[in-house]
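Asks: Take a look and give me a structure for this.
(one chain, ligands or ions: 1)
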Amino acid sequence: MQKLVIEGGNRLSGELNIQGAKNSALPLLAACILADGETMLHNCPRLSDVYAACRILGSLGCECKADVNDITVKALSPCGCCVPDELMREMRSSIVFLGAVLGRVGECSLSFPGGCELGPRPIDMHLAALRKMGAEITERYGLLHCVCKSGLRGADINLGFPSVGATENVMLAAVRARGVTRILNAAREPEITDLAQFLKCCGARITGEGSGAVTVEGVEKLHGCEYSVMPDRIAAATMMSAAAVTGGELELIGARASDLGAVIPVFEEMGCRIYTYSDRLYISRRGQLSAVSLIRTMPYPGFPTDAQAPVMAALATACGTSMIVENIFENRYRHVDELARMGASIKAEGKVAVIDGVPRLYGAKVRAMDLRGGAALAVAALGAEGITEISDIKYIDRGYESLESQLRALGAKARRESF
Ligand code: UD1
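Replies: Below you'll find the model as predicted:
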């Protein structure tokens, strides 16, 4: 078991290369199944979830080699169609393999991803869309079996909610389907655009990505390509929170202002100075932060639910009262009790959290309850007086490439300890 030990009080300063986006790398790795030949993905973050995706590819008979941040995938024919249960459990977002495997093989068996630390994570929209494209799906004892022997066909899919995962699964299923698929009320997240760009590099025909209406014209074959995963906008928002809470000054290389459109004004309201350039973002803050009136998490281009926890940690010591409304996931305030152990004054009920800024937080023994909640504890620890020990850092490792090394390089006192 490992814990993260952070001694707060140091201003963060310097330059940091923002890692590749986890939420883009995972669907891109699944998409490699659809391409004949070799695909090379650059800028893949070195994360436990990414390695779990590589193991899923291996279990499906693909060759997968990782070399630092490059991953090469060779999808061999015929490709397997069963994702082992233990790998599904290891990474719940592995449901994105369903559309890709079905699109390639016409059949896929996997276990139901089930609930997760953010609350129940249903996949009803994924399944309804795939059924409309001709898949026969049976669900029994937590197992899903999907088959479409005569191949998938294009369809008009109207999503009840712009689900990121459902949009990705339909795109993956549609690229090699017969005919045209139109996804209405599609998710508009930058990771959807990244997936579309990647698939187009492989020969897919897609238009409308980044808008609420994506059209995919099925092609017979896709070929491998070389592609670089987009920078991680949530890692960037986490580091912005770390700069804000320590009164620091950071240059985040790779952070794209266009992906952070709803996040930047929140930090400006807190009193941070932000300058954006084509390939980087500069943020600085001296002195106490100001509270923000209201943050509502929304599908993109709204404020991202994944940035809610780290930003809340920064607001815990802001001057005044801030309010957050979490609209995407039911169970996304599990970091609140842990922040309270550090002296934060936050009340959360249902979707709403009210944060009364306190003059200072104090180091404590806390536990990461989920990925972004864990990152929030690290942010709080950086600004706190004394030493914070964060346990269950396996959650943090799912989304941040050696967070302690990144923070140390910027002047923080942070280390990983085994116990
Ligand atoms: C993805 C991201 C996650 C992010 C989330 C929202 C990945 C690997 N994960 O998760 O980090 O927080 O988008 O931006 O990219 N829903 C249903 N039925 C469905 C599908 C979704 O009810 O069939 C609900 C979910 O329970 C949730 C909401 O829709 O309340 C949003 O989920 P979705 O956009 O699908 O998120 P994920 O793709 O799981």
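
Asks: Longest strand in this protein, please.
Replies: For the chain, the strand with the greatest residue count under DSSP state E is strand 35-42.

Asks: Show me what that one packs onto, helices and strands only.
Replies: On a contact count with 3 or more C-beta pairs under 8 Å, 6 or more residues apart in numbering; DSSP states H and E, strand 35-42 meets helix 22-31, strand 70-75, strand 222-223, strand 226-228. Yep, even glycine has a C-beta here, placed from its N, CA and C like the rest.

Asks: send the alpha carbons of the next helix or strand after that strand over as CSV?
Replies: Next in sequence after strand 35-42, counting helices and strands by DSSP states H and E, comes helix 48-59. As requested, the backbone C-alpha atoms of helix 48-59 are provided in CSV (Å, rounded to 0.1, in the frame of the first residue of the first chain):
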residue,chain,number,x,y,z
SER,A,48,-3.0,2.3,-14.5
ASP,A,49,-6.2,2.8,-16.5
VAL,A,50,-4.1,3.0,-19.8
TYR,A,51,-2.2,-0.1,-18.9
ALA,A,52,-5.5,-1.9,-18.1
ALA,A,53,-6.8,-0.9,-21.6
CYS,A,54,-3.6,-2.4,-23.0
ARG,A,55,-4.3,-5.6,-21.2
ILE,A,56,-7.8,-5.7,-22.6
LEU,A,57,-6.3,-5.3,-26.1
GLY,A,58,-4.0,-8.2,-25.3
SER,A,59,-6.9,-10.3,-24.2
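
Asks: What residues sit buried inside helix 48-59?
Replies: Buried residues in helix 48-59, defined by neighbour count with 16 or more other C-beta atoms under 10 Å: S48, D49, V50, Y51, A52, A53, C54, R55, I56, L57.

Asks: What of stretch 312-331?
Replies: M312, A313, A314, L315, A316, T317, A318, S322, I324, E326, I328, F329.

Asks: out of the helices and strands packed on strand 35-42, nearest to the ligand?
Replies: Of all the helices and strands packed on strand 35-42, helix 22-31 sits nearest to the ligand, with 3.4 Å by C-beta to the nearest ligand atom.

Asks: anything in the closest one sitting right up against the ligand?
Replies: Yes - looking at helix 22-31 against the ligand by C-beta under 6 Å from any ligand atom, the contacts come from N23, L26.

Asks: So which elements touch that helix?
Replies: Against helix 22-31 (3+ C-beta pairs under 8 Å, 6+ apart) you get strand 35-42, helix 48-59, helix 97-105, helix 164-174, helix 190-201.

Asks: ranges for the helices of this structure?
Replies: Remark: helices assigned in the chain by DSSP state H are 22-31, 48-59, 85-90, 97-105, 124-132, 164-174, 190-201, 233-245, 264-269, 305-315, 335-341, 371-383, 394-397, 403-409.

Asks: worst average pLDDT in these?
Replies: Sorting the helices of the chain by mean pLDDT places helix 85-90 lowest, at a mean of 84.

Asks: Quick check: buried residues in it?
Replies: For helix 85-90, burial by neighbour count (16+ other C-beta under 10 Å) applies to L87, M88, E90.

Asks: do the same with stretch 218-238
Replies: Buried residues in stretch 218-238, defined by neighbour count with 16+ other C-beta under 10 Å: 218, 222, 224-225, 227-238.

Asks: From one end of it to the other, what's the distance?
Replies: End-to-end span of stretch 218-238 (C-alpha to C-alpha, to the nearest Å): 38 Å.

Asks: Run the chain-centre distance for it.
Replies: Put simply, stretch 218-238 sits 13 Å off its chain's centre (C-alpha atoms, centre = their mean, to the nearest Å).

Asks: Name the nearest residue to V245, ignoring sequence neighbours.
Replies: Nearest in space to V245, with sequence neighbours left out and distances taken as C-beta to C-beta, 6 or more residues apart in numbering, is G383 at 3.6 Å.

Asks: how close does the one you found sit to R360?
Replies: 8 Å (C-beta to C-beta, to the nearest Å).

Asks: so what sits against both of those two?
Replies: Common contacts of G383 and R360 (C-beta atoms under 8 Å, 6 or more residues apart in numbering): T317.

Asks: Could you check the pLDDT of P84?
Replies: For P84, pLDDT reads 87.

Asks: Report how many residues lie close to it.
Replies: 16 (other C-beta atoms under 10 Å).

Asks: Domain boundaries for the protein, per the record?
Replies: For the chain, automatic domain parsing gives the domain ranges 2-19+231-418, 22-228.

Asks: if we can go back for a sec, tell me which of the helices and strands packed on strand 35-42 sits most buried.
Replies: Using mean count of other C-beta atoms under 10 Å, the stretch among the helices and strands packed on strand 35-42 with the largest mean neighbour count is helix 22-31, at a mean of 27.

Asks: still on that earlier bit, ok, the buried residues of stretch 312-331 vs A242, which is closest?
Replies: Using C-beta to C-beta, the shortest approach to A242 within the buried residues of stretch 312-331 belongs to A314, at 8.1 Å.

Asks: ok, C225 - contacts?
Replies: Residues in contact with C225 (C-beta under 8 Å, 6+ apart) are A35, T39, M40, F198, C201, C202.

Asks: Now with 7 Å, please.
Replies: T39, C201, C202 (C-beta atoms under 7 Å, 6 or more residues apart in numbering).

Asks: got it, and A244?
Replies: Taking C-beta under 7 Å, 6+ apart, one finds F267, M270, C272, R285, L289, A314 in contact with A244.

Asks: Please apply the same query to D392.
Replies: By C-beta under 7 Å, 6+ apart, the contact list for D392 reads R367, A368.
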